[in-house]
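A.B. asks: coordinates for the following, if possible.
(4 chains)
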There are 4 protein chains.
Amino acid sequence: MSSNASEFRVACLGPCEVDSPLMRQGDHQPRAHFVNDDQRVLVDDLINGDDETSFHDRPTLELAGPRPKIFFNPSELGVGIVTCGGLCPGLNDVIRGLVMVAHHRYGAARIYGFRYGYQGLCPGEEPMRLTPDIVKNINASGGTFLGSSRGPQDPAVMVRRLQELGVQLLFVIGGDGSMRGALAIGQEAARRKLPIAVVGIPKTIDNDLAFTDQSFGFTTACSTAMHAIRAAHSEAKGARNGVGLVKLMGRHSGFIACFAALAANEVNFVLIPEVPFSLTGEGGFLNALAERLNQRGHAVVVVAEGAGQELLHRAGDARDASGNVRLQDVGPFLADRIQTHLKAKSMECTLKYIDPSYIIRSVPAAPADSVFCWRLAQNAVHAGMCGKTQMVVARWHNRFVHVPMRAAISQRNQVDPSGDIWLSVLEATGQGELMS
Amino acid sequence: MSSNASEFRVACLGPCEVDSPLMRQGDHQPRAHFVNDDQRVLVDDLINGDDETSFHDRPTLELAGPRPKIFFNPSELGVGIVTCGGLCPGLNDVIRGLVMVAHHRYGAARIYGFRYGYQGLCPGEEPMRLTPDIVKNINASGGTFLGSSRGPQDPAVMVRRLQELGVQLLFVIGGDGSMRGALAIGQEAARRKLPIAVVGIPKTIDNDLAFTDQSFGFTTACSTAMHAIRAAHSEAKGARNGVGLVKLMGRHSGFIACFAALAANEVNFVLIPEVPFSLTGEGGFLNALAERLNQRGHAVVVVAEGAGQELLHRAGDARDASGNVRLQDVGPFLADRIQTHLKAKSMECTLKYIDPSYIIRSVPAAPADSVFCWRLAQNAVHAGMCGKTQMVVARWHNRFVHVPMRAAISQRNQVDPSGDIWLSVLEATGQGELMS
Amino acid sequence: MSSNASEFRVACLGPCEVDSPLMRQGDHQPRAHFVNDDQRVLVDDLINGDDETSFHDRPTLELAGPRPKIFFNPSELGVGIVTCGGLCPGLNDVIRGLVMVAHHRYGAARIYGFRYGYQGLCPGEEPMRLTPDIVKNINASGGTFLGSSRGPQDPAVMVRRLQELGVQLLFVIGGDGSMRGALAIGQEAARRKLPIAVVGIPKTIDNDLAFTDQSFGFTTACSTAMHAIRAAHSEAKGARNGVGLVKLMGRHSGFIACFAALAANEVNFVLIPEVPFSLTGEGGFLNALAERLNQRGHAVVVVAEGAGQELLHRAGDARDASGNVRLQDVGPFLADRIQTHLKAKSMECTLKYIDPSYIIRSVPAAPADSVFCWRLAQNAVHAGMCGKTQMVVARWHNRFVHVPMRAAISQRNQVDPSGDIWLSVLEATGQGELMS
Amino acid sequence: MSSNASEFRVACLGPCEVDSPLMRQGDHQPRAHFVNDDQRVLVDDLINGDDETSFHDRPTLELAGPRPKIFFNPSELGVGIVTCGGLCPGLNDVIRGLVMVAHHRYGAARIYGFRYGYQGLCPGEEPMRLTPDIVKNINASGGTFLGSSRGPQDPAVMVRRLQELGVQLLFVIGGDGSMRGALAIGQEAARRKLPIAVVGIPKTIDNDLAFTDQSFGFTTACSTAMHAIRAAHSEAKGARNGVGLVKLMGRHSGFIACFAALAANEVNFVLIPEVPFSLTGEGGFLNALAERLNQRGHAVVVVAEGAGQELLHRAGDARDASGNVRLQDVGPFLADRIQTHLKAKSMECTLKYIDPSYIIRSVPAAPADSVFCWRLAQNAVHAGMCGKTQMVVARWHNRFVHVPMRAAISQRNQVDPSGDIWLSVLEATGQGELMS
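C.D. replies: Next up, the predicted model:
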């Protein structure tokens, strides 16, 4: 990651001059464990023997946590929460955490939940009032308590709605596109000199988020995906030359495919967007699969939804010569090619194709993700109360940090084809390079 | 069930004159808890006030359990096990139980596992030798350790193979079709006067088995199906007018759909083969669904794969006028019709369709099914050692019984549209009659 | 079970003359699937070859289900629910089901939940008002939403409280003792000629309930207990001569110990109250355990809390000669005796003792129990609406039935030492008679 | 952490001159993703505004991963594996990973598993030969496949045994004490100039390991502990003034108590060794608990086993004035004090005490831990093949690193009473300082 330091400076609505309620050390009030803006975390903590740069030349991220002085006066503060895009385990944990901390620790005056994504910020839509009582058990269910939707809305319209409702602090839980929308809201508010802070909690089940160790819900998603792989394995072993083919999430990043395969211990081929493979040819996937079947009588294949795009383009072209080439779904495409290939080799084959998408993304967060979501929410509230804006909270090298939205959406986290995760996968599957 | 008593008489290879090894009360040898052939269980234990028949006029089933005298001499006995048809939770528990009891309790000389269904009983296929050590942990995995396949094989060929291998007692774990195959083997052996017993352990994830309280794997399947319904519910609630549509197993019997819906507590419509419904019209399903959406903003629909066949026929006819009308898949058909209907009503709708089939049927047995499989296997071995043949073991009114194969496959267990299970579903979902 | 028919006649407040609301076949109202009082289920459906009795001489139980005419006028009816005694999986499912059916199907005017067992029926305690909205998700948690307590209260006081609140139909979810209390309430109301019906839903995690196939929560408890056994197995295998000792519930009946052991497949000794065993002596437990350790290097022992009482009495006597002999806890007692015995034999031993009691009984119901609880609750409401009283609902031979409270508490369900469950255990563990 | 750089230099048996087998890019051989010894990771990546030190002055850890040249010739290499101390989820995953990578990737000639900890390295004990087939499914079970034991053995004796068996690379999976033993073996070998490498994979369910983000099994342990807390919550809510008290692992570090409490969302008090608390007095724990009960009617308390030692000492002294003061168990001690305190206040109370220890530590690793164990094992083998010795593998700031054993055991990871984890707990529980 080549970056210069200014990229990582977090915007702020103004100086923090209000005493944090966490300072009041009365009974049953936690001692605050304050952090200041001078504490920063190195983006890159790896040193090479001959590297002579000072660490002051290296980009850093602002450390998250409660500050002794905050920007907003909680007793007048309206807080808004919105969830956008597809489901991801942990959404309700984050909502719950935001409400709990904003209410119990800071005493925010009003907390609104906007329904069905950015649509809920448009005229004609009434937000829900959120209280600790309402949200206390929502994390027992998957999905999002607030509802969600895809697609942007007009920032000007949304900012006007926030003004009407007296919301000065908006939390947006969503993916890349939603963060772009959140940025637009923050910028529109800044343009109009409104003291409205927009803080993101980035959501991406694919773990494709830059400057973050792992995105919330990812651990849960991998565990759940593992069950689909287990099913594929049982099906594969249950038939002569049985093939279990599982498609998992991952448009651009194959993390779920890799980690679920590592967890399941039963996968023979993992295909991800970051690592191209040949379908045909001697070293290609289809022949490697046939060889595996000849040796062991069954095989399990995990494919990320974004894998092999270039093969699909070509295949798509072959069948559909019109202008608008639309990508085929890699799952059925592979299923078809495998069966055709084995038939041509006169090999009996029973292929079972499993596409568990909704079942994975809609489960409640597993305990480890629950804790992670709680801590993300805490740090998001701490940041928001200080008037930090156009930023997201993330965990980097095991610390919670603030990342400017612009930086967060400027790049994507991917499986490094020469890094240790992919090596782990290669060692666990025994698959070769799959290139002819 | 109108039946006459002779239907339920179990065939036997001959008189039992060998002392059961369970009789030898040495150290660490369980005391046997013997049963005799005179003990029988009423098929129908319900009495109506004015009913004057004696219970001796009612059909009965033979009580299962160990007998003090057995037919086979264990020290010379070859046992075979074969699994046929689709996967079902508990297959490995049954295999494991058969091996354990045949080996440890009776001391059977040799136990073979035939690979990949009836194919494994054909020339050119070598069976596996099964021992307690080999099978002791197989029940930790789903699927079938032996592999399976569909379709029959020539009974004469298979009987010859059994003879070659010295197998006199064959256990067949499989569904309706497989039991027909097992019956054919038993009959062929009888025709050739060979002392070969064929005992079935009926497998049907749909619970559509006559003379049985519940088929093995059914409890596990319903629990697992519930997760798919949970996912559908999260998806449905996460979108404006969200519809979660789940297709579950059940070609002729909607038990899984009913029980999974009851367990999940979140289903608004259950559609099963036994209860016809109208798609269109005022009281029909589509309008009822639209009404539900208008009232609550989301809905969960569970459909058994065999539901609404008559609607599909008609739809199929419309598109495909040829002789061989092939049924459409009810899941995508319903998904399509729902979306079309709501669009015509200008209702926004986000439908998520979930088809979890393989994920459900390939899981390991849950503890309750594990115990049930163990007990089925025990009773199957007890029956087989006595030379009982052309029969299956089942649990009826909470007792283990012997049912002649012919009777077992003569009828199907279905959800009674005027019985208490369907009433439970109607009360839990609040769905009406769905007939226009 | 020797019984005469009159024992099983269910008391009723009076003739049923009100049309059941289930009769109104309007839109979205389930068709009712009516049952009448003449339909009865044989208590004993087993026939012996030479048995000449008519089935009219055999005792029968009244079939449960909705009747076309009911006793109470729902629009004036006050319903009460109380949970008593220790926790059991499914309590919240039953509460939820009672409220749902009483409200949605019958339109009961008011439903009260009494807090903390019979204490909640005493002066000074305010009941909760229960509605479908309040209870709709309570079954996601274990325990009882209403709270519970042990011990009886004065029936006269409680009946007066019911009168004050206008409660004519009381559902009591509890064990033996609580059913005695419920019977006292019903009798007191009858004595005072008050039209108050008392219907029990028997709760016993030990499955020691007469006239019932299985008590609610039992399946869940066994599954959960299995995890404790798994832990014991891991601990046992992890050490030289490792012994994992698990104490499970079961004061008088060892069902949980038996079923959990069968499900876990890893248990070497099961000790239950119904089957006496010797501790010392050649064939006794301690020597059998030592032998097992010599052969396999580890062992898993499951003991029901009520097992070996007679040994404990003696041991207790030996140490404590005073008048008040108080039973020792069998778990630590066995742990101590095992370690002493092995030490005397100079055998190294690492014993891990696990007592998971609260963890087992406080979990939410597993799906199969959830469905079962729903159906019990439905049938309880159907019975109560007809003015049936001093009775419990149960499932007998896979049918829901009414059992008079007096009969239900007159005997206890136990593992039959010569029946098929204990045989299953003996075959699964390979343990011998354990008698010296 | 104040350290100087030399502390973190990893010892090595000699120069690496053998080509790594991972270099051979034949069919189905993963491309290696090589790392070199110059790549190091900063121990401290936090920068303060005014900090002027160069990062070259900061201590660093060696990056783990495969090297292009290795020290041992795999075709002659004997590898040993031993597990020591108490159980921890993931032990079998680590064993499995070590065998798989040493065999499949490096082609190690022989792999031995020593039974029952360091005892297995003593005369008279035969190790097991380990192959991929033997270990492929062991991770489905908890515990350790090799068995374990506590306590050291004579290093000279063990080194002699390694020589006899031709083991040059020993992997030790164990805790603090075991790492001291491993260090002694490495030092003894060095003293005798034997080319024996000793590589540790540190095991501590308490997560009290320095220089590591999280220890393996910790995520699993927290998830499992959460079930015990859920049980405590159900029990507490089920009784008037119900108190659920759960003791969790954590002699010196309260991580499990903190994370399980955060995951469960239902805990009112967390007591850990790092944060002293008063029992009595106005702001003390007992009064805070009484207040909580008065307000809400129930409470859940989680106590780490090492919490409140100073209170116990005092209590212990009071009862036992002899020289050898033995610590009381904090769980029963607290249970007793709570009940006494509430009784003195005439408050009714039902306390349920849960000590789930063995159930937590003996479960199989959850998927996330499985993956983590696999990657730890991979990196341990890579390190060992290079002749690195007297070191452990760890994950620091999300990277795998090598840490000298001496450094690894020189300090302990603890919950920082002014850090963000404890703040999270305070915010989640709402508990105050609990000091009078």
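
A.B. asks: can you tell me how far the closest residue to chain C within the stretch 1-150 of chain A sits from A:Ile47?
C.D. replies: Proximity of the stretch 1-150 of chain A to chain C (CB to the nearest CB) peaks at A:Ala140, 5.4 Å away. Any C-beta I mention is one placed from the backbone N, CA and C, and that applies to glycine too. Per CB to CB, to the nearest Å, A:Ala140 is found 45 Å from A:Ile47.

A.B. asks: quick one, which of the two is more surrounded?
C.D. replies: Ranked by neighbour count (other CB atoms under 10 Å in any protein chain shown), A:Ala140 and A:Ile47 place A:Ile47 first, with 19 against 16.

A.B. asks: quick check: that one touching D:Arg40?
C.D. replies: Yes: checked against CB atoms under 8 Å, the pair A:Ile47 and D:Arg40 is within contact range at 5.0 Å.

A.B. asks: what do those two both touch?
C.D. replies: Listed contacts common to A:Ile47 and D:Arg40 are D:Thr60; contacts here mean CB atoms under 8 Å, 6 or more residues apart in numbering or on different chains.

A.B. asks: run a quick neighbour tally on A:Glu291.
C.D. replies: By other CB under 10 Å, the residues close to A:Glu291 number 14.

A.B. asks: tell me the secondary structure of it, please.
C.D. replies: Put simply, A:Glu291 is helix when judged by DSSP: H, G, I helix; E, B strand; the rest coil.

A.B. asks: from chain D, how far out is it?
C.D. replies: Applying CB to the nearest CB, to the nearest Å, the value for A:Glu291 to chain D is 9 Å.

A.B. asks: burial of whichever residue of the stretch 201-350 of chain A sits closest to chain B, as a residue count?
C.D. replies: Per CB to the nearest CB, A:Ser234 is where the stretch 201-350 of chain A lies closest to chain B, at 3.1 Å. Residues lying near A:Ser234 (other CB under 10 Å) number 29.

A.B. asks: who's sitting farthest from the centroid in chain A?
C.D. replies: Within chain A, the residue lying farthest from the chain centre (CA atoms, centre = their mean) is A:Ser346, at 43.3 Å.

A.B. asks: confirm that it sits in a helix.
C.D. replies: No: assignment of A:Ser346 by three-state DSSP gives coil, placing it outside any helix.

A.B. asks: and it, what pLDDT?
C.D. replies: Here the pLDDT value assigned to A:Ser346 is 95.

A.B. asks: same check, this time on A:Asp50
C.D. replies: Per-residue confidence for A:Asp50 comes out at a pLDDT of 70.

A.B. asks: how about A:His103?
C.D. replies: At A:His103, pLDDT is 96.

A.B. asks: contacting residues for it?
C.D. replies: With CB under 8 Å, 6+ apart, A:His103 has these contacts: A:Ile111, A:Thr131, A:Pro132.

A.B. asks: surely the second one and A:Val99 touch.
C.D. replies: Going back to what we said before, that points to A:Thr131. Yes: under the criterion of CB under 8 Å, A:Thr131 makes contact with A:Val99 at 7.2 Å.

A.B. asks: hey, what's in contact with both of these two?
C.D. replies: By CB under 8 Å, 6+ apart, the residues touching both A:Thr131 and A:Val99 are A:Ile111.

A.B. asks: and the two? which has more neighbours close in?
C.D. replies: The neighbour count for A:Thr131 versus A:Val99, taken as other CB under 10 Å, is higher for A:Val99 (26 against 12).

A.B. asks: for the more buried one, helix, strand, or coil?
C.D. replies: helix.

A.B. asks: then A:His402?
C.D. replies: Relying on three-state DSSP, one would call A:His402 strand.

A.B. asks: burial measure for it, as a count.
C.D. replies: A:His402 has 30 nearby residues by other CB under 10 Å.

A.B. asks: one more: the one 10 residues further on?
C.D. replies: When neighbours are defined as other CB under 10 Å, A:Arg412 has 14 of them.

A.B. asks: so what's it bridging to?
C.D. replies: Using DSSP bridges, the bridge partners assigned to A:Arg412 are A:Leu209.

A.B. asks: near chain C, which residues of chain A?
C.D. replies: Residues of chain A that fall close to chain C, judged by CB under 8 Å from any CB of the partner chain: A:Asn137, A:Ala140.

A.B. asks: and the helices in chain A?
C.D. replies: A:91-100, A:132-135, A:155-165, A:176-191, A:218-237, A:255-264, A:285-296, A:309-319, A:330-344, A:357-361, A:367-385, A:405-408, A:420-429 (DSSP state H).

A.B. asks: so does the longest one get close to chain D?
C.D. replies: Yes: using CB under 8 Å from any CB as the criterion, contacts between helix A:218-237 and chain D involve A:Thr219, A:Cys222, A:Ser223, A:Met226.

A.B. asks: so how far is chain C from the second one?
C.D. replies: To tie it back to what came earlier, the one meant is A:Cys222. 23 Å.

A.B. asks: identify the residue nearest that residue in space, chain neighbours excluded?
C.D. replies: Leaving out its chain neighbours, the residue that sits closest to A:Cys222 by CB to CB, 6 or more residues apart in numbering or on different chains is A:Phe259, at 4.3 Å.

A.B. asks: surely the one you found meets D:Val371?
C.D. replies: Yes: with contacts counted by CB under 8 Å, A:Phe259 reaches D:Val371, the gap being 5.6 Å.

A.B. asks: and A:Ala184, what is it in contact with?
C.D. replies: A:Ala184 is in contact with A:Pro152, A:Pro155, counting by CB under 8 Å, 6+ apart.
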